[in-house]
Every structure is written in structure tokens, then in C-alpha cells.
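**Student:** A structural model of the following input is requested.
(one chain, ligands or ions: 2)
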Amino acid sequence: MITGGCHCGAIRYQAEGEALTHALCHCTDCRRHAGAPMVGWTMYPQDVVKVTRGTPRVYVSSDHGRRHFCPDCGTGLFYTNEEILPGMIDIQSATYDDPDSAPARAHIQVAERISWMERAHELPAFERYPPQE
Ligand SMILES: [Zn+2]
Ligand SMILES: [Zn+2]
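**Tutor:** Ligands and ions are numbered 1, 2, ... in the order given. I've put the predicted structure just below:
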């Protein structure tokens, strides 16, 4: 069982069992909706995922794509698509209470990836911030 929720806590959810997939999506829709270079998604059958607090708002992001987010703080939470993924729900894995518990397994939609993201793991890294000169 995993649990998670949005930044402000108005929306909480739980999911039973193991995710079917966990992918880092680089598509333009995910990037623009999240305002982030990529978005991590775990996929579950819809009947094992329950919203336990609050009601997400649903944004129609494409013909059949539906993005569910917190109406108070804006955190993106779920994606459903009854055309491409009937009966399934994707959860934004960075909203897990313990995001270390389920590592990502693949990068997807890299055809739309921001070019510099391909080598982002090679950038200088700092425990907090770069030293001030
Ligand atoms: Zn919220
Ligand atoms: Zn995407």
C-alpha cells in the first residue's frame, strides 16, 4: 500500500499493491502542465486507487487525456485516458509520501525531451547550493 497527496494536504490518496510501471515522462503535455522538465508516473488499475481526502479538479489536457490536480495548491496528482489507458490511472510518483519506495524504471516520450535533459545527470551537484564567491 502506498499513500500520498498534494502539497497543501487537501487531497490524500492511497493505492494497493505494486505499480504496473514507473516511468519518467518527457512529453510536452506533462512538461507544460507540471512546469517541470519531466514527470514521474506510476500506473495502477483504477479500482485499487482511492482518494481518501478532498476532491481533485480535472483538467482536459487533450482529446481523451484528463489531468487531476489539487484545486487549492495546484499539485498534479493523476492522469487518466479512457481511450489509450481504459481502466487505468497514473499517479505522479513524486507525490508519494515515500517516493524512494518505488524507483523509476524507464524514461518515456524522449522524442519530446528537452535536449539538455539527456545529460542532466552529469551536471555539477551540490548538497544544498553552490558556494557563494
Ligand atoms: Zn493541495
Ligand atoms: Zn507525458
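**Student:** going by C-alpha atoms from here, please, whenever you check contacts or count neighbours.
**Tutor:** Will do.
**Student:** which residues touch Leu24?
**Tutor:** Met38, Val39, Gly40, Trp41, Ala104, Arg105, Ala106, His107, Ile108 (C-alpha atoms under 8 Å, 6 or more residues apart in numbering).
**Student:** out of these, which are buried?
**Tutor:** Met38, Val39, Gly40, Trp41, Ala104, Ile108 (16 or more other C-alpha atoms under 10 Å).
**Student:** against ligand 1, how distant is the closest residue to Ile11 other than its chain neighbours?
**Tutor:** Nearest residue to Ile11, sequence neighbours excluded (C-alpha to C-alpha, 6 or more residues apart in numbering): Gly54, at 4.7 Å. Gly54 sits 9 Å away from ligand 1, going by C-alpha to the ion, to the nearest Å.
**Student:** look up phi and psi at Gly54.
**Tutor:** Per-residue torsions, Gly54: phi 80, psi 180 (degrees, to the nearest 10).
**Student:** list the contacts of it.
**Tutor:** Ala10, Ile11, Arg12.
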